[in-house]
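In: requesting a structural model of the entry that follows:
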Amino acid sequence: MIPIPTNHLWWGILILANLSDIAIYYLLPYKFLDKKPPFSKKHLAWGIIYGLMLGTLAYHIGDYYLFQIIINLLLILMITRLHRIRHQLKFHEIMVIFAASFLVLGMTRLPIFITFFPFGFTRYIQILIVVSLNVSVILWLCTKQFLTSMYNRVAADFFLQTLIFITALAIFSLLVVVNDTPTFTFLALFAKLIGFAIATLYQLIPIIYFHKKELPHLLHDRSIRLMSHHARIYAESDCERVQIPTDKIIGNARLKPKSMGYVRDEYQQNIQTFIDNICDYYQTSMEFNTHLHYVAPHTTVSFDEMLYMIGILMGNAIRTGRKDYPSFITVNCLKDLLLIKLSNATTSKMTDEKIAKMVQAGSSTKADCRRGYGLYHLIEDRLKRVDGHLEISSFYDKENQSEYTEVIITVSAYDSRVTRAKLQDQKVNITA
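Out: As a prediction, the model looks like this:
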């Protein structure tokens, strides 16, 4: 058998290495998003073309930095092309997926490299071993749910997204700067620098966590809470000793008190006044057609809590809806059942991915830069406490000739009683 020339062998190894990288960056995003890779002939063809092209480029090009720029741009473009529109991802989410893929690849490849480095294999054999084992480990990980659970945790926490991106950026920058044959000294320096980076980020965790998670939770719906408490005071009391200081608090919060619109014990009228005040607060021209039916106070949801729910839904509708199309609010309040339904026009049909993101912490479907905590905290802090349910759907309204998004909140006092009874039975069983 005629031996393969050394330069041709090196060329083939570079092609194989780039094929393995494109396969890993192809598989990991699908696993993160809990989707099954299509493995189409088109994707396979593009992967082979990528491997041949990058392997040939690595063989002939002399500029290492230019080569790294080309590789990473192509990988980011691939992830964007496959996932951005289909899974309703924003640019920063694409970058987080890329950074997470980079970290998973690095965390699986580095131990393999360290294990086989002392054996003194040639560079060709070393790359073949590392590449084959790395792909095998990634294929094994893709059979587990760990990667999906990890990404779901990251997607729900802006801090973790920032941490992963900064860590990947620091590691990548280090690998670019230290462009030399790896040695144990290099690995020790690498570990030391990463340790410093992690220690520095650890010092920043309390500050970042508070400003990115706790503070938005405290301030996001402050105005709507104050307005709903203000409405309840005027709807259930004539005591000026309570009303006057409340008016001052509303004024200090830079909200205009509309106390003249509220009438004691006229709950249906007060709901309408609150809706009008929310429109004034957001200074919106959006029309809200209301259907209000208030029979009796709900057993588990107070009047101000009900107004708060209405205000959160209206805020989302005003920011995401089409201003020239009417929105519809239905409120039915009985002793044992509360139903709040809001429908607003949207420019496109709500996909399952968009609906899922609407109730995800820190993820906003609004066009402007919002924090995305309203519906999430409404569910976690309010509805779960009273066994309430929130449903989101999309439909086409023929009369207004527009797609509409509909959000329905239901709270049944019967469900709450059943839950409390089950919990009581569990306590009795534990005691027994």
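In: strands of the protein, start to end?
Out: 288-294, 327-333, 337-346, 388-397, 402-412 (DSSP state E).
In: so which bits of stretch 127-141 are buried?
Out: The neighbour-count check on stretch 127-141 (16 or more other C-beta atoms under 10 Å) flags 127, 129-131, 133-135, 137-138 as buried. From N, CA and C alone the C-beta is placed, and that goes for glycine too.
In: quick one: contacts of that stretch?
Out: Outside stretch 127-141, the residues that touch it by C-beta atoms under 8 Å, 6 or more residues apart in numbering are 13, 16-17, 20, 23-24, 27-28, 31, 104-105, 108-109, 112-113, 116, 121, 147.
In: any idea of the mean pLDDT for that stretch?
Out: Throughout stretch 127-141, pLDDT has a mean value of 87.
In: in stretch 38-48, what's buried?
Out: By neighbour count on 16+ other C-beta under 10 Å, the buried set for stretch 38-48 is Gly47.
In: backbone phi and psi for Glu266, please?
Out: With angles defined as degrees, to the nearest 10, Glu266 sits at phi -100, psi 70.
In: could you list the domains of the chain?
Out: The record's domain parsing of the chain by automatic domain parsing lists 6-205, 222-423.
In: ok, back up a step: could I have the buried ones of the contacts of stretch 127-141 as ChimeraX selection syntax?
Out: If you want just the buried ones from the contacts of stretch 127-141 in ChimeraX, going by 16+ other C-beta under 10 Å, the selection is:
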select :13,16,17,20,23,24,27,28,31,104,105,108,109,112,113,147
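In: which of the strands of the chain sits closest to His83?
Out: strand 388-397 (21.5 Å; C-beta to C-beta).
In: taking strand 337-346 as reference, get the angle to that closest one.
Out: 40 degrees (axes from the mean of the first three to the mean of the last three C-alpha atoms, to 10 degrees).
In: list the buried residues for strand 388-397?
Out: Neighbour-count burial for strand 388-397 flags 388, 390, 392, 394 (criterion: 16+ other C-beta under 10 Å).
In: okay but the first one is in contact with Thr410, surely?
Out: Yes - taking C-beta atoms under 8 Å as the definition, Gly388 is a contact partner of Thr410 at 6.6 Å.
In: quick one, what contacts Leu375?
Out: Applying C-beta under 8 Å, 6+ apart, we find Leu375 in contact with 312, 316, 358-359, 390, 407.
In: repeat that for Met95.
Out: Contacts of Met95 (C-beta under 8 Å, 6+ apart): 76, 165.
In: can you tell me how far it is from Thr80?
Out: Here Met95 is placed at a distance of 10 Å from Thr80 (C-beta to C-beta, to the nearest Å).
In: which one is Pro29 nearest to, not counting chain neighbours?
Out: Ile97 (5.0 Å; C-beta to C-beta, 6 or more residues apart in numbering).
In: can you give me the helices for the stretch 301-432 of the chain?
Out: 303-320, 352-358, 374-377, 413-431 (DSSP state H, counting those that start in this stretch).
In: scratch that, the stretch 101-250 of the chain is what I was asking about
Out: Using DSSP H, counting those that start in this stretch, helices in the stretch 101-250 of the chain cover 123-141, 146-155, 158-177, 184-209, 215-219, 222-236, 240-252.
In: quickly, which of those bottoms out on average pLDDT?
Out: helix 184-209 - the lowest mean pLDDT of the helices of the stretch 101-250 of the chain, at a mean of 59.
In: relative to Asn72, which of the strands of the chain is closest?
Out: When the strands of the chain are compared by C-beta to C-beta, strand 337-346 sits nearest Asn72, at 35.5 Å.
In: hmm, back to that, need the overlap of contacts for Gly388 and Thr410.
Out: Common contact partners of Gly388 and Thr410 (C-beta under 8 Å, 6+ apart): Leu338.
In: returning to that earlier point: TSV for the buried residues of strand 388-397, including pLDDT and distance to His291?
Out: What follows is the buried residues of strand 388-397, written out as TSV (pLDDT from 0 to 100; distance: C-beta to C-beta, whole Å):
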residue	pLDDT	distance to His291
Gly388	90	20
Leu390	91	19
Ile392	91	20
Ser394	90	20
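In: export those to JSON lines and append columns for distance to Arg382.
Out: As requested, the buried residues of strand 388-397 are exported to JSON lines (distance: C-beta to C-beta, whole Å):
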{"residue": "Gly388", "distance to Arg382": "7"}
{"residue": "Leu390", "distance to Arg382": "10"}
{"residue": "Ile392", "distance to Arg382": "16"}
{"residue": "Ser394", "distance to Arg382": "23"}
